[in-house]
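1. here's a sequence, model it:
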Amino acid sequence: MGSTQLPPGAEETLAATSAAVSPGESVEMVQLLGPDGKLGTDPVFSDYAKRIDPEKLRVFYADMAKIRRFDQEATALQRQGELALWVPLTGQEAAQIGSGHASQPQDYIFPTYREHGVALVRNVDLAELLRQFRGISNGGWDPRQNNFHLYTLVLAAQTLHAVGYAMGIQRDQKAAEDSSGEKAAVVAYFGDGASSEGDVHESMVFAASYDAPVVFFCQNNHWAISVPTEVQTKVPLANRAKGYGFPGIRVDGNDVIAVHAVTEWALEHAREGRGPVLIEAYTYRLGAHTTADDPTKYRESAEESAWREKDPLDRLEKYLRAEGLADDAFFAQVEADGDELANYVRSTTHGLEVPDIREAFANVYAGQHPLIAEELAWFEEYSAGFESEEEASN
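-> Numbering: from 1, shown residues only. Coordinates of the predicted model:
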């Protein structure tokens, strides 16, 4: 595991990045790959970017393209009545793929309900994600297999879980007789809307107090459903970390190279016992909050168009082509792989069996409960009424 020893002047740069600012002022943002597809430099994170070889860059692109195709298919499935709801991620692929690839297998991930790209990186069967949105499972996968927790629908609750888990890791590692093994850290994902929840504040208080090995990864996609970020906070979200006494970094969330570099640094920082880090990935939700939402009701099309010019896939494609790292055959194969994934997800979803509703009653308590038994009896009587009507009509 690499050291988080920073270059001369880097600590001052990070301190400036996380310094408090007055309302309306901006904050420095880490960007390496611009919208024009040209690679720049950064005094702190360029060295981390140099660790990314051409093959990994191609993987980044392939994963971003694949998860966008998956997102399109899942949205179509919901529109066709196969899912009760879907939470799109289009526009946020770089934030998720870049940060996901920066994690190590021993790290534990606590997502919200939109981290489909991180799930892909952690080798979760994407068809399993749809069980929850089809309404037939409380999760769909075993978190122990990939160190990727179940989706959390209660806003910001996962930040508390993440810090508690990180404190447990911290104590386990201190208690271990052999401390030569790979150290682990935790990543807690949440959005700009969730940052207004008290759970996030409490999580950061505990994380800072105990130097818990946790990275708070906020995807600032600019809209908490219909509430813009500027209504929620008068200073950049990354600056909140200064109030808790740990580093806060804003990174271009549409720049997969910068996201990977910043997250890799933050995780090394956490694993080495130097405490938590807050990353604000400055990105944009190009689509709806969920398929139950209509963003045309609260934002201008000009804003969406401006952010489409910063598309994370387009900028990486420009770079790969300009540097001779990928050709037409590569991009054609990526598209074919995306279509193959979409076909798999669609066929798997159609084949998902709906469990007997009686299982829901059985899973409320470990033992039989009189109130649940009464409700089950009512449900069975209610259901029997439909069966009688069907028999009469035949």
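2. low-confidence stretches in the chain?
-> For the chain, applying pLDDT under 70 flags the ranges 1-26, 177-180, 388-394.
3. and the longest helix for it?
-> Longest helix of the chain, by residue count under DSSP state H: helix 54-79.
4. and the next element down the chain from that one?
-> Downstream of helix 54-79, the first helix or strand assigned by DSSP states H and E is helix 93-102.
5. now do the buried residues in the longest helix of the chain.
-> 57-58, 60-71, 73-75, 77-78 (16 or more other CB atoms under 10 Å). Where C-beta positions appear, they are placed from N, C-alpha and C, glycine not excepted.
6. same thing with stretch 169-179?
-> So, applying 16+ other CB under 10 Å, buried residues of stretch 169-179: 169, 170.
7. just give me the neighbour total for residue 331.
-> 16 (other CB atoms under 10 Å).
8. helix or strand for it, which one?
-> Secondary structure (DSSP H and E) places residue 331 in helix 328-350.
9. okay, the very next helix or strand once past that helix in PDB with CA atoms only?
-> Note on helix 328-350: by DSSP H and E, the next helix or strand toward the C-terminus is helix 358-362. Provided in PDB are the C-alpha atoms of helix 358-362 (Å, rounded to 0.1, in the frame of the first residue of the first chain):
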ATOM      1  CA  ARG A 358     -47.200 -14.300   3.100                       C
ATOM      2  CA  GLU A 359     -43.500 -14.300   3.500                       C
ATOM      3  CA  ALA A 360     -43.600 -10.600   4.400                       C
ATOM      4  CA  PHE A 361     -45.900 -11.400   7.300                       C
ATOM      5  CA  ALA A 362     -43.600 -14.200   8.500                       C
END
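10. what are the contacting residues of helix 358-362?
-> Contacts with helix 358-362, where a contact means CB atoms under 8 Å, 6 or more residues apart in numbering, come from 372, 375, 376, 379.
11. filter these down to the buried ones, ChimeraX style.
-> Listed next is the ChimeraX selection for buried residues among the contacts of helix 358-362, using 16+ other CB under 10 Å:
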select :372,376
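12. could you dump the contacts of helix 358-362 to a markdown table with distance to residue 160?
-> Conversion of the contacts of helix 358-362 to a markdown table gives the following (distance: CB to CB, whole Å):
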| residue | distance to residue 160 |
| --- | --- |
| 372 | 28 |
| 375 | 31 |
| 376 | 33 |
| 379 | 34 |
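13. so where do the strands sit in the chain?
-> Secondary structure of the chain, counting by DSSP state E: strands at 29-30, 108-110, 186-191, 214-220, 223-224, 227-228, 248-252, 277-282.
14. returning to that earlier point: and the contacts of helix 358-362, which is closest to residue 135?
-> residue 379 (16.3 Å; CB to CB).
15. need the contact list for that closest one.
-> With contacts defined as CB under 8 Å, 6+ apart, residue 379 is in contact with 357, 361.
16. let the chain start at 648 from now.
-> Sure thing, new numbering starts at 648, so read that last one as residue 1026.
17. check contacts around the most centrally placed residue in the chain.
-> Nearest to the geometric centre of the chain sits residue 762, at 3.2 Å (CA atoms, centre = their mean). Going by CB under 8 Å, 6+ apart, residue 762 touches 736, 743, 756, 798, 836.
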